[in-house]
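Enquirer: sequence plus predicted model, see below.
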Amino acid sequence: MGRTGWFVLLTAFSIGGLISSALVLYLWYVLGTAPPGCYLPNRILPSVTIDCVKVLASPYSRVGPIPLDGLAAVWFAANIGMVTAYFYAHRRSVLKALLYWRLMGLAILPYLLYAEFAVLKALCIYCTMMHIFIIIDFIIISLFIKRAEFVK
């Protein structure tokens with residue numbers, strides 16, 4: 001894969017995550033309405049439903065006064081910024097920072113999944129999309145670094 005392909009791949013899922021978090025921020029926190037598709041009464045597991053309202057209205061949706069969706073938007077925007085910085089400067093230190101940044105995002109997921117599955121017994125589909133994007137982002141940066149080391 002060429003330079004442009006890697007750039008697109010390294011930013012694509014962060015753009016998806018940024019859109020998901022921005023959508024929730026705007027609809028839930030600005031307009032006060034649930035994003036589309038946020039409630040499915042059918043259980044997806046024996047005791048878990050899709051209910052964004054339950055997740056977004058819970059105390060687990062914030063760190064102090066800051067919505068997790070706001071922190072997610074910053075996280076995804078920083079991802080995009082670091083990828084862009086790396087492709088312009090080609091500094092190994094930027095790539096290393098990007099790896100650790102994405103690892104930090106991955107490290108937070110167990111807590112978020114525990115809160116949704118075990119405590120709230122509800123999933124937010126937009127949060128789940130962001131979780132998936134975080135996992136994919138980490139896999140992609142890992143593959144890119146492995147590839148970059150072979151190219152040296």
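Expert: Cool, got the structure.

Enquirer: and the most centrally placed residue in the chain, what element?
Expert: Per CA atoms, centre = their mean, the C-alpha nearest to the average position across the chain is that of residue 130, at 3.5 Å. Under the criterion of DSSP states H and E, residue 130 resides in helix 125-151.

Enquirer: equivalent analysis for residue 24, please.
Expert: Per DSSP H and E: residue 24 is located in helix 3-24.

Enquirer: tell me the angle of the helix holding residue 130 relative to helix 3-24?
Expert: Relative orientation of helix 125-151 versus helix 3-24 (axes from the mean of the first three to the mean of the last three CA atoms, to 10 degrees): 160 degrees.

Enquirer: any low-confidence regions in this protein?
Expert: Residues of the chain meeting the criterion pLDDT under 70: 41-42, 149-152.

Enquirer: in this protein, where's the longest strand?
Expert: Longest strand in the chain by number of residues (criterion: DSSP state E): strand 39-45.

Enquirer: would you put the C-alpha positions of that one in PDB?
Expert: Coordinates of each C-alpha in strand 39-45 appear next as PDB, following Å, rounded to 0.1, in the frame of the first residue of the first chain:
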ATOM      1  CA  TYR A  39     -33.500   2.500  21.400                       C
ATOM      2  CA  LEU A  40     -34.300  -1.100  20.600                       C
ATOM      3  CA  PRO A  41     -36.500  -2.700  23.200                       C
ATOM      4  CA  ASN A  42     -35.400  -6.200  22.100                       C
ATOM      5  CA  ARG A  43     -32.600  -7.700  24.200                       C
ATOM      6  CA  ILE A  44     -29.300  -8.300  22.400                       C
ATOM      7  CA  LEU A  45     -28.100 -10.400  25.300                       C
END
